[in-house]
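Peer 1: Predicted coordinates and the sequence they were generated for:
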Amino acid sequence: MNQALILSIVAAGFTVAFFHAALPTHWLPFVVTSRAQRWDRAKTLSITAFAGLGHIFITTLLGVLVVWLGMNVDRLTGSIFPLLGGGLLAAVGLIYVYRGASGGHVHLIPGAHGHEHQHDHDHSHDHYHHDHGHHHDHGHHSHEHNAPDVESIIAHAPRRTSDRAAIVSLFTLLTLSPCEAFLPVYVSAVRYGWSGFAIASVVLAVATIAGMVTFTALTLAGLERFRLNALEKYEGIILGCVLILLGIAFVVLES
């Protein structure tokens with residue numbers, strides 16, 4: 001294995017997965033539900049990590065398809081695969097940067113993360129709609145890309161329900177929204193077959209759980225005043241730049 005490229009894949013993969021976990025949909029539902037269910041800090045973070053497993057599982061399944069297809073393309077294209085793979089990574093990165101700079105969101109999978117633009121973060125609850133539904137009329141569509149008001153959402157936490165229903169809802173929420181931003185990282189691991197897939201998957205798991213737990217813990221500690229959720233605004237630019245750099249490294253190190 002090309003050690004420099006493997007390190008590049010690990011670094012890029014960790015950055016992509018960790019910053020993707022900064023999206024409010026990966027920590028805000030846990031904070032809101034924790035307040036409603038009166039969970040302590042340890043229980044909330046444990047449930048957050050557990051729900052992250054569903055997110056990792058569905059992304060890994062998609063990674064299996066990406067690597068399998070990539071391995072077949074690699075056999076057909078031979079020596080030009082580094083150019084194809086690196087070009088694909090850079091192209092996806094440019095799309096992320098463009099959409100991030102223009103205030104939009106990039107979804108490589110149709111319908112993925114569609115819940116990011118809604119206020120209903122936890123499907124097991126009637127989330128504070130009955131308390132401030134009148135706020136939706138004046139600008140719901142005009143600020144759909146803005147970061148949520150964390151303090152307002154927490155203040156209108158839903159009524160208590162069964163822990164099982166809450167946990168299943170949170171797990172389902174994350175399972176149905178794969179980390180599509182990580183799929184290009186799997187492309188870069190194709191050259192190393194299933195060993196590369198395994199390395200990328202471990203990086204995905206570690207970075208995703210670390211990110212979700214970190215941002216949930218910071219918000220529980222009251223650090224939302226530092227606007228952690230503002231990272232959503234720059235997620236596309238950050239991930240795009242990382243993918244472009246990985247694409248360049250892929251071409252240079254494998255050619």
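Peer 2: On my side now, so go ahead.
Peer 1: All the helices of the protein, in order from the start?
Peer 2: Taking DSSP state H, the helices of the chain run over residues 3-20, 28-37, 41-77, 81-101, 129-132, 150-155, 163-175, 183-188, 193-220, 231-254.
Peer 1: ranking those by burial, who's on top?
Peer 2: Most buried of those by mean neighbour count (mean count of other C-beta atoms under 10 Å) is helix 183-188; its value is a mean of 26. For every residue, glycine as well, the C-beta is placed using N, CA and C.
Peer 1: Was I right to think residue 10 contacts residue 203?
Peer 2: Yes. At 5.4 Å, residue 10 and residue 203 qualify as touching, with contact defined as C-beta atoms under 8 Å.
Peer 1: and the gap between the residue nearest to residue 62 when sequence neighbours are not counted and residue 186?
Peer 2: Take residue 62 and drop its neighbours on the chain: the residue closest to it by C-beta to C-beta, 6 or more residues apart in numbering is residue 178, 5.7 Å away. For residue 178, the distance to residue 186 (C-beta to C-beta, to the nearest Å) stands at 12 Å.
Peer 1: what do those two both touch?
Peer 2: residue 62 (C-beta atoms under 8 Å, 6 or more residues apart in numbering).
Peer 1: returning to what we had before: neighbours around the residue nearest to residue 62, how many?
Peer 2: For residue 178, the neighbour count with other C-beta atoms under 10 Å is 23.
Peer 1: residues touching residue 71, list them.
Peer 2: Going by C-beta under 8 Å, 6+ apart, residue 71 touches 190, 193.
Peer 1: so what pLDDT did it get?
Peer 2: On the pLDDT scale, residue 71 is placed at 87.
Peer 1: related to what we said a few turns ago, which stretch in the helices of the chain is the model least sure about?
Peer 2: Looking at the helices of the chain, the lowest mean pLDDT belongs to helix 129-132 (a mean of 42).
Peer 1: my guess is residue 213 meets residue 50, correct?
Peer 2: No. Assessed by C-beta under 8 Å, residue 213 is found out of contact with residue 50, at 10.6 Å.
Peer 1: any idea what sits nearest residue 49, other than its immediate chain neighbours?
Peer 2: residue 209 (5.2 Å).
Peer 1: contacting residues around that neighbour?
Peer 2: Counted by C-beta under 8 Å, 6+ apart, residue 209 has contacts 49, 52, 53, 56.
Peer 1: which ones are touching the last one?
Peer 2: Spelled out, it's residue 56. By C-beta under 8 Å, 6+ apart, the residues touching residue 56 are 201, 204, 205, 208, 209.
Peer 1: Tell me the spacing between the second one and residue 39.
Peer 2: As defined by C-beta to C-beta, residue 204 lies at a distance of 26 Å from residue 39.
Peer 1: Check the fourth one too.
Peer 2: Taking C-beta to C-beta as the criterion, residue 208 is separated from residue 39 by 21 Å.
Peer 1: Settle this for me: the residue nearest to residue 62 is touching residue 58, isn't it.
Peer 2: Yes. If you go by C-beta under 8 Å, residue 178 and residue 58 touch, sitting 4.5 Å apart.
Peer 1: Spit out the contact partners of residue 238.
Peer 2: 15, 19, 100.
Peer 1: Grab the nearest non-local neighbour of the second one.
Peer 2: Once its chain neighbours are removed from consideration, residue 19 has its nearest residue in residue 238; the separation is 5.4 Å (C-beta to C-beta, 6+ apart).
Peer 1: now stretch 20-33, how far from the chain's geometric center?
Peer 2: From the chain centre to the centre of stretch 20-33 is a distance of 10 Å (C-alpha atoms, centre = their mean, to the nearest Å).
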